[in-house]
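[1] Structure for this input, please:
(chains A and B)
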2 protein chains.
Amino acid sequence: MGSGYHVAVVGATGAVGQEMLAVLQKRRFPVRTLTLLASPRSKGKRLRYGEEQLAVEVLTKDAFKGVEIALFSAGGSRAKEFAPAAVSAGAVVVDNSSAFRMEAGVPLVVPEINPETIRQHQGIIANPNCSTIAMVVPLYPLHKAFGVKRVVVCTYQAASGAGAAAMEELKAETLAQLEGRPYQRTIFPQQYAFNLFPHNSPLLEDGYCEEEVKMVRETHKIMGDSSIRINATCVRVPVLRAHSEALNIEFQREVAPAAAYDVLRRAPGIEIHEDRAANRWATPVDGSGQDPVLVGRIRTDRSQPNTLDLWLVSDQLLKGAALNAVQIAELL
Amino acid sequence: MGSGYHVAVVGATGAVGQEMLAVLQKRRFPVRTLTLLASPRSKGKRLRYGEEQLAVEVLTKDAFKGVEIALFSAGGSRAKEFAPAAVSAGAVVVDNSSAFRMEAGVPLVVPEINPETIRQHQGIIANPNCSTIAMVVPLYPLHKAFGVKRVVVCTYQAASGAGAAAMEELKAETLAQLEGRPYQRTIFPQQYAFNLFPHNSPLLEDGYCEEEVKMVRETHKIMGDSSIRINATCVRVPVLRAHSEALNIEFQREVAPAAAYDVLRRAPGIEIHEDRAANRWATPVDGSGQDPVLVGRIRTDRSQPNTLDLWLVSDQLLKGAALNAVQIAELL
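    So this is what the prediction gives:
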């Protein structure tokens, strides 16, 4: 570490926290001092950052002295409890939870889309939901170019979205299943090994779950346009890492697939990933560990001429969380 | 076996063939004689049917003497080669492959929907694609009640759709992955363990794969109405058995979720399977081994008032294949 900022990573031992450390390093973020914070459970743990082994400290309201940038990935209730203390200590908080995302005065930022909104922050900047980020990265340039009327999206979400322990539970339950042993789940409410289920976030009165509503509301806020009609079905599939999404996008007018490819090829944060001749498209394994959102399978909807289908894969821990948060910190 | 028909099961050793034997038994189909046919690879194998162990015979054009009903589940090319011989020998063929489905004069039958079309057969009756059957069982009563304009469907398809060996490959590859061993796939073109990929059926010029086009064309033929606009995205997920589908259904007019539930509760072949208070919906594990299509999560699309979302799970080997074929044989 050399000249630069005093950075705190809150929730440093979690799946996203670990990726934040890796991303800070990989992108050579100017770190002068790095403070790793986590719950008392993780006290005494040491985490590697480059050549150094850093001790994990316990997250308290007094832990932010001198911190300039606090990257939070510790869940909504901890964010609500501790982010104000970090702001009071003079830090700018980039929070990965949903706690502040829809609050007025809290910019909700995807750097490829709305970097300018960051200036309006009052101490807290929110990192959007991972499924939302994956969708808006290609949706925004398409909207700018052609005008999007409506999106019907189905997600295929990986275990990583529920954290490192959830990834381990999926592996352990799968092994038990293959060996014919019983397995006691502690994280997911139902069998996940060789199974799938609609996203288990809390259900709202109209039958949508919170994850689905986030994809609507956060997209409107990030794109600064709530006229786009969005319908989401979110499903957890037994994949370890990287979310996939099938988008059905209705435009103001007919858009040729070639024109959509052209726009996306020039847009930031996107890689066209497909081999049409081989009938091969992006998979979660292809997307794992990759910064860009992998996009492809663009085709004209057979049922509606002003509509395109599109397939995407995005590393939920990177662009969906850690990478986007560090990109926000870079804008600061 | 007692009085009844001389039934042949073609492809008896496959995943669907095995289920056909189980379904014939479970439904006490009147079988006088049962002939089990498969490729030379399976010669000498014996399969259990009730108390009896029956030898598997080699599928040849001469194997259908005296056969009255031939249930084919041996793939499209074998169906094309051998079904005419079975018909010449006097049998009625119920074929599970896509070989004859769209041919004029070949009824494409889901007994809950279009049993009357069976009378037009000229020796061959086709069993629809498994993803199509799952979708049309609830779609048809909703269409009759409210008029369906357009459907956007995303599938979450299990390994069983590619046969028994594919299910074994998914298990073997997953175990190898968990144990950190390399694994040589023979069936799927890419990693399936903890991964997913758009359906690998042949790609058409417009970018849709054959599986997706089947869901459009077969639905039109079964429902006898090609005015319904359908857009499908088919994806294979690492689930062993039972397909899931997310349907976004646009109606001629606004339809309250309660009205849709009412219609589906009274419709044949459907079980409303959900626990809204617990935020639990049908999963592939719930659907495996179940005859009805499990339906639920009906909610009004937030983006469009005349539109409902619906979630379903269907055992691909039962209603998607063996059960539907035996139901057709029962109609005969």
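[2] Quick one: residues contacting the residue in the stretch 1-150 of chain A positioned nearest to chain B.
    The minimum distance from the stretch 1-150 of chain A to chain B, using CB to the nearest CB, falls at A:Arg150 (5.5 Å). The way it works is simple: take the backbone N, C-alpha and C, and place the C-beta from them, glycine included. Applying CB atoms under 8 Å, 6 or more residues apart in numbering or on different chains to A:Arg150 gives the contacts A:228-231, A:249-250, B:303-304.
[3] quick one: A:Gln18 is in a strand?
    No. Going by DSSP: H, G, I helix; E, B strand; the rest coil, the assignment for A:Gln18 is helix, not a strand.
[4] ok, it to A:Ala259 distance?
    In this view, A:Gln18 and A:Ala259 are 40 Å apart by CB to CB, to the nearest Å.
[5] In terms of neighbours, single out the busier of these two.
    For the pair A:Gln18 and A:Ala259, the greater number of neighbours falls to A:Gln18 (19 against 15), based on other CB atoms under 10 Å in any protein chain shown.
[6] Report the separation between the more buried one and A:Ala38.
    A:Gln18 sits at a distance of 11 Å from A:Ala38 (criterion: CB to CB).
[7] Tell me the bridge partners for the residue of the stretch 1-150 of chain A closest to chain B.
    Under DSSP bridges, the beta-bridge partners of A:Arg150 are A:Arg229, A:Glu250.
[8] How about the residues of the stretch 1-150 of chain A by chain B?
    The stretch 1-150 of chain A comes close to chain B at residues A:Arg150, as judged by CB under 8 Å from any CB of the partner chain.
[9] can you pull out the strands in the stretch 1-150 of chain A?
    A:5-10, A:31-38, A:46-49, A:52-58, A:69-72, A:92-95, A:124-126, A:148-156 (DSSP state E, counting those that start in this stretch).
[10] Just give the strands next to the first one in its sheet, each with its orientation.
    When pairing is defined by DSSP bridges, strand A:5-10 lines up against strand A:31-38 (parallel), strand A:69-72 (parallel).
[11] one step back: out of the contacts of A:Arg150, which comes closest to B:Glu211?
    Closest to B:Glu211 out of the contacts of A:Arg150 is A:Ile249 (21.2 Å), distances taken as CB to CB.
[12] For the stretch 101-250 of chain A, which segments count as helices?
    Ranges of helices in the stretch 101-250 of chain A, per DSSP state H, counting those that start in this stretch, are A:130-146, A:164-178, A:210-223.
[13] what about those helices, which gets the closest to A:Gln290?
    Comparing the helices of the stretch 101-250 of chain A under CB to CB, the one sitting nearest is helix A:130-146, at 11.8 Å.
[14] Quick one: distance of that closest one to the chain centre.
    Distance of helix A:130-146 from its chain centroid, counting by CA atoms, centre = their mean, to the nearest Å, is 13 Å.
[15] any idea how far the residue of the stretch 1-150 of chain A closest to chain B is from A:Met215?
    13 Å.
[16] swap in A:Ala282?
    With distances taken as CB to CB, A:Ala282 is found 19 Å from A:Met215.
[17] Please apply the same query to A:Ser227.
    Counting by CB to CB - A:Ser227 and A:Met215 are separated by 16 Å.
[18] quick one, which of the two is more surrounded?
    The residue with more neighbours, out of A:Ser227 and A:Met215, is A:Met215; 27 against 10, by other CB under 10 Å.
[19] nearest spatial neighbour of the more buried one, skipping sequence neighbours?
    A:Ala232 (4.2 Å; CB to CB, 6 or more residues apart in numbering or on different chains).
[20] ok, back up a step: including distance to B:Lys144, mean pLDDT and mean neighbour count, could the strands paired with strand A:5-10 go into CSV?
    Formatted as CSV, those follow (distance: least, CB to CB, whole Å; pLDDT from 0 to 100; neighbours: other CB atoms under 10 Å in any protein chain shown):
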stretch, distance to B:Lys144, mean pLDDT, mean neighbour count
strand A:31-38, 57, 96, 20
strand A:69-72, 53, 97, 29
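[21] can I get these in TSV with distance to A:Val255?
    Below are those laid out as TSV (distance: least, CB to CB, whole Å):
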stretch	distance to A:Val255
strand A:31-38	43
strand A:69-72	38
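[22] ok, A:Val23 - contacts?
    Contacts of A:Val23 (CB under 8 Å, 6+ apart): A:29, A:318, A:322-323, A:326.
[23] try it again with 7 Å
    Residues in contact with A:Val23, defined by CB atoms under 7 Å, 6 or more residues apart in numbering or on different chains, are A:318, A:322-323, A:326.
[24] just A:Val87 next, same as before
    Taking CB under 7 Å, 6+ apart, we find A:Val87 in contact with A:93, A:123-124.
[25] Excluding chain neighbours, what is closest to the one residue in the stretch 101-250 of chain A that gets nearest to chain B?
    Residue of the stretch 101-250 of chain A nearest chain B, by CB to the nearest CB: A:Gly207 (3.1 Å). Once flanking residues are discounted, A:Gly207 sits nearest to B:Arg299: 3.1 Å by CB to CB, 6+ apart.
[26] For the one you found, name its beta-bridge partners.
    B:Arg299 forms beta bridges with B:Asp309, as assigned by DSSP bridges.
[27] Now do it: how many residues are near it, please.
    22.
[28] now swap in A:Ala260 and tell me
    A:Ala260: 23 neighbours (other CB under 10 Å).
[29] Find me the pLDDT at the nearest residue to it once chain neighbours are set aside, would you?
    Leaving out its chain neighbours, the residue that sits closest to A:Ala260 by CB to CB, 6+ apart is A:Ile298, at 5.2 Å. Listed pLDDT for A:Ile298 reads 98.
[30] do A:Met1 as well
    At A:Met1, pLDDT is 65.
[31] contacting residues for the closest residue in space to A:Ala12 that isn't next to it in sequence?
    Residue nearest to A:Ala12 in three dimensions, not counting chain neighbours: A:Leu36, with 3.9 Å by CB to CB, 6+ apart. Taking CB under 7 Å, 6+ apart, we find A:Leu36 in contact with A:9, A:12, A:47, A:54, A:56-57.
[32] Likewise for A:Cys209?
    Taking CB under 7 Å, 6+ apart, one finds A:198-199, A:201-203, A:234 in contact with A:Cys209.
[33] could those residues go into a markdown table alongside neighbour count?
    A markdown table is the format used below for the contacts of A:Cys209 (neighbours: other CB atoms under 10 Å in any protein chain shown):
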| residue | neighbour count |
| --- | --- |
| A:Pro198 | 24 |
| A:His199 | 23 |
| A:Ser201 | 20 |
| A:Pro202 | 10 |
| A:Leu203 | 21 |
| A:Cys234 | 27 |
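[34] Among those, which ones lie close to chain B?
    A:198, A:203 (CB under 7 Å from any CB of the partner chain).
[35] Stretch A:114-125: how far from the chain's middle?
    Here the centre of stretch A:114-125 is set off from its chain's centre by 18 Å, with CA atoms, centre = their mean.
[36] actually stretch A:318-332, sorry about that
    Offset of stretch A:318-332 from its chain centre (CA atoms, centre = their mean): 10 Å.
[37] Quote the end-to-end distance of it.
    19 Å (CA to CA, to the nearest Å).
[38] which parts of that stretch are buried?
    A:318-329 (16 or more other CB atoms under 10 Å in any protein chain shown).
[39] Can you lay out the residues you listed as JSON lines showing pLDDT?
    Converted to JSON lines, the buried residues of stretch A:318-332 look like this (pLDDT from 0 to 100):
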{"residue": "A:Leu318", "pLDDT": "93"}
{"residue": "A:Lys319", "pLDDT": "91"}
{"residue": "A:Gly320", "pLDDT": "89"}
{"residue": "A:Ala321", "pLDDT": "92"}
{"residue": "A:Ala322", "pLDDT": "93"}
{"residue": "A:Leu323", "pLDDT": "94"}
{"residue": "A:Asn324", "pLDDT": "95"}
{"residue": "A:Ala325", "pLDDT": "94"}
{"residue": "A:Val326", "pLDDT": "95"}
{"residue": "A:Gln327", "pLDDT": "96"}
{"residue": "A:Ile328", "pLDDT": "95"}
{"residue": "A:Ala329", "pLDDT": "94"}
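[40] Appreciated, that's everything.
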